[in-house]
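Participant: Make a model of this:
(2 chains)
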Amino acid sequence: AQSVTQPDIHITVSEGASLELRCNYSYGATPYLFWYVQSPGQGLQLLLKYFSGDTLVQGIKGFEAEFKRSQSSFNLRKPSVHWSDAAEYFCAVGARNQGGKLIFGQGTELSVKP
Amino acid sequence: GAVVSQHPSRVICKSGTSVKIECRSLDFQATTMFWYRQFPKKSLMLMATSNEGSKATYEQGVEKDKFLINHASLTLSTLTVTSAHPEDSSFYICSAIGGLGGRAGEQFFGPGTRLTVL
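Facilitator: Residues are numbered from 1 along each chain as shown, chains lettered A, B, ... in the order given. This next block holds a predicted model:
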């Protein structure tokens, strides 16, 4: 079955500290992978995506993610977290032949301590 | 700025009534729109795929007679929750995929609509 797992429901980090949000997927086809951020009152914003090629993907706001096929993972990282990064983060998987349909993980809520 | 809007942003209704939620792509034509449902502290669950001019495709377990979807134009899709019950209370999110031009193939999400059924 196709699924996305974000093992961490809630993470708290100190401002300036590094961040890694985990994402594992189970998908039959070659996956397209995405990370979105959701802030209250805002629509989901795309942080980055992986379709093919270089497995280390750079996104907006200083985020990056690495696709590891052997581990079925697509973890999101940021070297130094800012207070404004506090939000809900969703990993999602899709496929070229799915017309844009996405399967989302459960989300990870990020809190940032001053 | 926002490229997909939803209206209303929040709505409260009585049990048994119907509620319509609009999803509009503001500066592009969307050949495909998706409707998701999000429960508190939970993932987004895809409800249906809406294609302009054709019937929506519903995901398994989603009642098509309860959640009516109409994609009447390339910029507007509507979700009507019929005979709403308290268990229909949720956050409904739409997304739209650009068909032509600068936003072709990109998917944008609306800000969501909070439905509360009393």
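Participant: only C-alpha atoms for contact and neighbour calcs from this point on.
Facilitator: Fine.
Participant: A:Gly43 versus whatever residue of chain B ends up closest to chain A, what's the distance?
Facilitator: Chain A sits closest to B:Pro111 of chain B, with a gap of 3.7 Å, by CA to the nearest CA. From B:Pro111 across to A:Gly43, the span is 4 Å (CA to CA, to the nearest Å).
Participant: Look at those two and report which has more neighbours.
Facilitator: B:Pro111 (26 against 23; other CA atoms under 10 Å in any protein chain shown).
Participant: Contacts only, for the more buried one.
Facilitator: A:41-44, B:4-6, B:9, B:93 (CA atoms under 8 Å, 6 or more residues apart in numbering or on different chains).
Participant: from the residues you listed, which two are the most distant?
Facilitator: A:Leu44 and B:Ser9 (14.6 Å; CA to CA).
Participant: Quick check on these two: which one has the bigger neighbour count.
Facilitator: Using other CA under 10 Å as the criterion, A:Leu44 and B:Ser9 rank with A:Leu44 on top: 22 against 17.
Participant: so who does the more buried one touch?
Facilitator: A:36-38, B:108-111.
Participant: In space, what's closest to B:Met33 - neighbours in sequence excluded?
Facilitator: Among residues not flanking B:Met33 along the chain, B:Ala96 sits closest, at 4.3 Å (CA to CA, 6 or more residues apart in numbering or on different chains).
Participant: From B:Ala30, how far out is that neighbour?
Facilitator: 6 Å.
Participant: now A:Pro31
Facilitator: A:Pro31 sits 23 Å away from B:Ala30, going by CA to CA.
Participant: Next: A:Lys49.
Facilitator: For A:Lys49, the distance to B:Ala30 equals 20 Å [CA to CA].
Participant: near chain A, which residues of chain B?
Facilitator: B:34, B:41-46, B:49, B:97, B:107-112 (CA under 8 Å from any CA of the partner chain).
Participant: Would you mind naming what in chain A lies close to chain B?
Facilitator: Residues of chain A lying near chain B (CA under 8 Å from any CA): A:41-45, A:90, A:100-107.
Participant: Can you show me the strands along chain B?
Facilitator: B:4-7, B:10-13, B:19-25, B:30-38, B:44-51, B:57-58, B:67-73, B:76-81, B:90-98, B:107-109, B:113-117 (DSSP state E).
Participant: Can you list the low-confidence ranges for chain B?
Facilitator: B:1-2, B:99-104 (pLDDT under 70).
Participant: how about whichever residue of chain A sits closest to chain B, secondary structure?
Facilitator: The minimum distance from chain A to chain B, using CA to the nearest CA, falls at A:Gly43 (3.7 Å). Three-state assignment for A:Gly43 (DSSP: H, G, I helix; E, B strand; the rest coil): coil.
Participant: In this structure it contacts B:Gly112, no?
Facilitator: Yes. Here A:Gly43 lies in contact with B:Gly112, judged by CA atoms under 8 Å, at a distance of 6.6 Å.
Participant: wait, what's in contact with B:Gly61?
Facilitator: Contacts of B:Gly61 (CA under 8 Å, 6+ apart): none.
Participant: one more time with 10 Å, if that's ok
Facilitator: B:Met47 (CA atoms under 10 Å, 6 or more residues apart in numbering or on different chains).
Participant: What distance do you get for it to A:Ser111?
Facilitator: 34 Å.
Participant: Buried residues of stretch B:19-37, list them for me.
Facilitator: Buried residues in stretch B:19-37, counted by 16 or more other CA atoms under 10 Å in any protein chain shown: B:19, B:21-25, B:28-37.
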